[in-house]
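# Structure for the following, please:
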Amino acid sequence: MIVPSNVEDHSYREFERAGWERAAPSYGGSFEAITSLFAKQLLDAVGAGPGIKLLDVACGSGYMAAMAAESGAQVEAVDFSPNMVDAATTRYPALSFRVADAEALPFADHTFDAVAIGFGVHHFPFPLRALAESRRVLRTGGRLGFTVWAPIDEHLIQKVVIDAVRAAGNPAAALPTPPAGDVCEIETCLRLLRDSGFVLPRPRAERLAAPAPIESARQLIQLMTDGTVRMSSVIRSLPQDKRAFLTMAVERSIERYREGEVFKVPAAAILAVGAKA
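Next up is the predicted model:
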């Protein structure tokens, strides 16, 4: 359920901000390996390419902004975490990154041809506000696209870890939920697009899937501990003396996905796209 955006919840925003400040130095070498699996499909959906002025919102470590620039797009990128912006700027010094909240973008109306939000919307306290703000900076006919994770029963790379945390001693383990509600269903994504003004042409949303190559259970747990916020909070809820059990439980779960020396664990996302009338 998406609740009205006139409610404030600073605690969730600060939980997210503090988490990404912590994760920023290690994100590029950890969870980026999972989110980047879906970046090209998102950029293709918004038409990134030569002559397109594109805004990357919640840009993280900057890899998608770099991909867009390589396609010929003129790119601006923002993230609300100063540490993330520092990491992205260090990694891609030729690109423009700045600190900004998705609900208060530092750009004039009608500036961009495309806005891409890779795995940011489900972290926003109030996604309607953020999408409406992205619509403001889009030119007429401009496209917005975003990706979010699919329901956990489909997004198995996350499910195997949460199930293992529950088995290891935290039976109530669940992802923290934003104050406006979670965003992991196609209908919810479509409603967000419609309610924020993306009505023509008809908004669309589709499921995406990709095998995520993982070297070991320990690596999977570490990349989620180091490179996420909500999943990291679930893992960190376990006492240290339960971590060995956690690793063994994940090992058992991912064994079915073994292909030679790696495990190709299914990751699933939703891609939603709309245009500004």
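
# Which pLDDT value belongs to the residue lying farthest from the centre of the chain?
When each C-alpha in the chain is compared with the mean C-alpha position (Cα atoms, centre = their mean), D241 comes out farthest, at 30.5 Å. Looking at D241, its pLDDT stands at 91.

# The stretch of helix or strand A24 belongs to - contacts with which helices or strands?
Per DSSP states H and E, A24 falls inside helix 10-27. Where contact means 3 or more Cβ pairs under 8 Å, 6 or more residues apart in numbering; DSSP states H and E, helix 10-27 is packed against helix 82-91, helix 217-227, helix 230-236. Yep, even glycine has a C-beta here, placed from its N, CA and C like the rest.

# Pull out the buried residues from it.
Going by neighbour count (16 or more other Cβ atoms under 10 Å), the buried part of helix 10-27 is 12-13, 15-17, 19-20, 23-27.

# Next, report how far it is displaced from the centre of its chain.
Distance of helix 10-27 from its chain centroid, counting by Cα atoms, centre = their mean, to the nearest Å, is 13 Å.

# Which residues outside that helix are in contact with it?
30-31, 60-61, 79-84, 86-87, 123, 125, 176, 178-179, 226-230, 232-233 (Cβ atoms under 8 Å, 6 or more residues apart in numbering).

# Kindly recompute the last result at 6 Å.
61, 81, 83-84, 87, 123, 125, 178-179, 226-227, 229 (Cβ atoms under 6 Å, 6 or more residues apart in numbering).

# now for those, which pair is the farthest apart?
A87 and P179 (27.3 Å; Cβ to Cβ).

# neighbour count winner among those two?
Of the pair A87 and P179, A87 is the one with more neighbours under other Cβ atoms under 10 Å, namely 22 against 16.

# you'd agree the more buried one is up against G62?
No - the criterion here is Cβ atoms under 6 Å, and A87 misses it with G62 at 7.4 Å.

# Which residue ranges of this structure form strands?
53-57, 74-79, 96-99, 112-118, 138-149, 204-214, 258-259, 262-275 (DSSP state E).

# pLDDT value on M1, please?
pLDDT, M1: 33.

# Next: the one 10 residues further on.
At S11, the model reports a pLDDT of 87.

# what's the answer for the one 5 residues further on, then?
The model reports E16 with a pLDDT of 94.

# How about K264?
The model's pLDDT for K264 equals 98.

# Next one: it from A212, what distance?
Distance, K264 to A212, by Cβ to Cβ, to the nearest Å: 7 Å.

# And those two? Which one has more around it.
When K264 and A212 are compared for neighbours, A212 comes out ahead with 22 against 16, by other Cβ under 10 Å.

# helices and strands around the least confident helix or strand in the chain by mean pLDDT, which ones?
Lowest by mean pLDDT, DSSP states H and E among the helices and strands of the chain is helix 230-236, with a mean of 90. On a contact count with 3 or more Cβ pairs under 6 Å, 6 or more residues apart in numbering; DSSP states H and E, helix 230-236 meets helix 217-227.

# at 8 Å instead, please
Counting by 3+ Cβ pairs under 8 Å, 6+ apart, the packing neighbours recorded for helix 230-236 are helix 10-27, helix 156-168, helix 217-227.

# picking up where we left off before, most neighbours among the contacts of helix 10-27, which one is it?
That'd be S61 among the contacts of helix 10-27, by other Cβ under 10 Å, with 29 neighbours.

# Show me where the chain dips below the pLDDT cut-off.
Along the chain, the model assigns pLDDT under 70 to residues 1-9.

# rerun that using 50 as the cut-off
1-7 (pLDDT under 50).

# residue nearest the centroid of it?
Centre-nearest of the chain using Cα atoms, centre = their mean is F119, 1.6 Å out.

# Let's have the buried residues of helix 10-27 in TSV, adding distance to P203.
Formatted as TSV, the buried residues of helix 10-27 follow (distance: Cβ to Cβ, whole Å):
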residue	distance to P203
Y12	26
R13	26
F15	29
E16	25
R17	29
G19	30
W20	28
A23	31
A24	32
P25	36
S26	35
Y27	29
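
# Just give me the closest of the residues you listed to A277.
R13 (30.1 Å).

# any idea how far the residue nearest to A164 when sequence neighbours are not counted is from V265?
Once flanking residues are discounted, A164 sits nearest to A249: 3.6 Å by Cβ to Cβ, 6 or more residues apart in numbering. Remark: distance between A249 and V265 (Cβ to Cβ) = 14 Å.
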